[in-house]
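Chemist: Mind looking at a prediction? Sequence and model below.
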Amino acid sequence: MKEIWNEKCIFSPSLICLDFLHLEDQIRQIEESGIKMLHVDILDGHFSPSMPLGFETVKQLRGVTDLEFDCHLMTDGMDYYVDELLDIGVQQIVFHAETTRHIDGLINRIHAAGVRAGVALKPSTPLSTVEYVLEKCDTVLLMLINPGYASSAKESQVAYADRKIRELRRMIDSRNLPAKIEIDGRISPRNIESFGDGTVDIFVCGTTCLSRKDITGSAARLFELRKRII
């Protein structure tokens with residue numbers, strides 16, 4: 001399904017927002033809905049205070065689905081996590097600039113394994129952080145809320161999200177680069193409507209736009225919205 005990465009307005013459902021008591025069934029519903037990608041957050045409980053998702057779960061899921069695995073590392077000490085994901089056989093690894101000593105080197109390492117590589121930025125991290133590696137990035141992921149606070153009712157998308165997203169689009173387009181923009185953090189249908197016309201390429205879908213109790217219905221509504229936009 002490599003062609004999915006060249007589509008417009010891609011939906012990447014967040015694994016940690018699914019029902020873990022019925023995980024394989026939920027994955028099947030995602031597949032049947034027409035979605036071709038799964039967003040896999042890997043947490044260490046330090047960089048992001050959320051509870052971690054075990055590699056064994058990811059490994060078992062890799063064996064039962066052909067969905068593209070879009071992996072987001074929210075960890076300190078990247079080497080171990082990158083090695084594990086490469087062994088599992090994922091399609092994209094996006095890591096945080098804030099916890100990586102050698103951004104350029106890690107991109108090279110992931111690319112050498114034949115896997116897409118990208119850089120993630122926390123809300124307040126400036127776009128200048130990726131200025132000199134943008135040509136190498138398959139994806140730049142912008143977090144619109146702070147890592148680990150998705151479940152907090154007090155945490156909302158940052159007020160400067162729109163400006164940051166549009167400035168990144170201008171950076172990429174002005175240099176005619178193929179890098180994709182991915183946004184993550186309480187993504188809603190309104191976000192998709194605002195940015196799905198080509199400003200943002202990949203939307204990480206959590207509970208604010210994809211219901212674990214009605215994956216089929218909520219996915220159908222997302223595709224209907226996509227059809228109106230593009």
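Modeler: Received it, and whenever you're ready, just let me know what you need. Residues are numbered from 1 along each chain as shown.

Chemist: Buried residues, stretch 85-97. List them.
Modeler: Leu85, Leu86, Ile88, Val90, Gln91, Gln92, Ile93, Val94, Phe95, His96, Ala97 (16 or more other Cβ atoms under 10 Å). Bear in mind the C-beta positions are built from the backbone N, C-alpha and C, glycine included.

Chemist: mind listing what the first one touches?
Modeler: Spelled out, that is Leu85. Shown in contact with Leu85 (Cβ atoms under 8 Å, 6 or more residues apart in numbering): Ile42, Val58, Cys71, Leu73, Ile93.

Chemist: and the last one, what does it touch?
Modeler: This means Ile93. Contact analysis of Ile93 by Cβ under 8 Å, 6+ apart lists Cys71, Leu73, Val82, Leu85, Leu86, Ile110, Val115, Arg116, Ala117, Gly118.

Chemist: Just give me how far stretch 41-55 sits from the chain centre.
Modeler: 15 Å (Cα atoms, centre = their mean, to the nearest Å).

Chemist: Endpoints of it, how far apart?
Modeler: End-to-end distance of stretch 41-55 (Cα to Cα, to the nearest Å): 10 Å.

Chemist: Any regions of this protein where pLDDT drops low?
Modeler: 1, 51, 148-154 (pLDDT under 70).

Chemist: Could I get the full set of strands for it?
Modeler: 10-13, 37-43, 68-74, 92-96, 116-121, 139-143, 180-184, 202-205 (DSSP state E).

Chemist: What about Glu3, how many residues nearby?
Modeler: 7 (other Cβ atoms under 10 Å).

Chemist: List the residues that contact it.
Modeler: Contacts of Glu3 by Cβ under 8 Å, 6+ apart: none found.

Chemist: how far away is it from Lys136?
Modeler: Glu3 is 22 Å from Lys136, where distance means Cβ to Cβ, to the nearest Å.

Chemist: now Ile27
Modeler: Separation of Ile27 from Lys136 (Cβ to Cβ): 31 Å.

Chemist: What of Glu98?
Modeler: For Glu98 relative to Lys136 (Cβ to Cβ), the value is 18 Å.

Chemist: same thing with Ile172?
Modeler: 13 Å.

Chemist: so what's in contact with those two at the same time?
Modeler: Counting by Cβ under 8 Å, 6+ apart, nothing touches both Ile172 and Lys136.

Chemist: How many residues are close by the spatially closest residue to Gly217 that is not a sequence neighbour?
Modeler: Nearest residue to Gly217, sequence neighbours excluded (Cβ to Cβ, 6 or more residues apart in numbering): Ser211, at 7.4 Å. Under the neighbour criterion other Cβ under 10 Å, Ser211 is assigned a count of 14.

Chemist: Just the buried residues of stretch 68-76, please?
Modeler: Here stretch 68-76 shows Glu68, Phe69, Asp70, Cys71, His72, Leu73, Met74, Thr75 as buried, counting by 16+ other Cβ under 10 Å.

Chemist: And stretch 207-222, by the same measure?
Modeler: So stretch 207-222, judged by 16+ other Cβ under 10 Å, has buried residues Thr208, Cys209, Leu210, Arg212, Ile215, Ser218, Ala219, Leu222.

Chemist: which residues sit in contact with the fourth one?
Modeler: The one in question is Arg212. When contacts are counted by Cβ under 8 Å, 6+ apart, Arg212 touches Cys17, Leu18, Asp19, Gln26.

Chemist: between the residues you listed, which is nearest Leu177?
Modeler: Cys17 (30.3 Å; Cβ to Cβ).

Chemist: Contacts only, for that closest one.
Modeler: Cys205, Gly206, Thr207, Leu210, Arg212.
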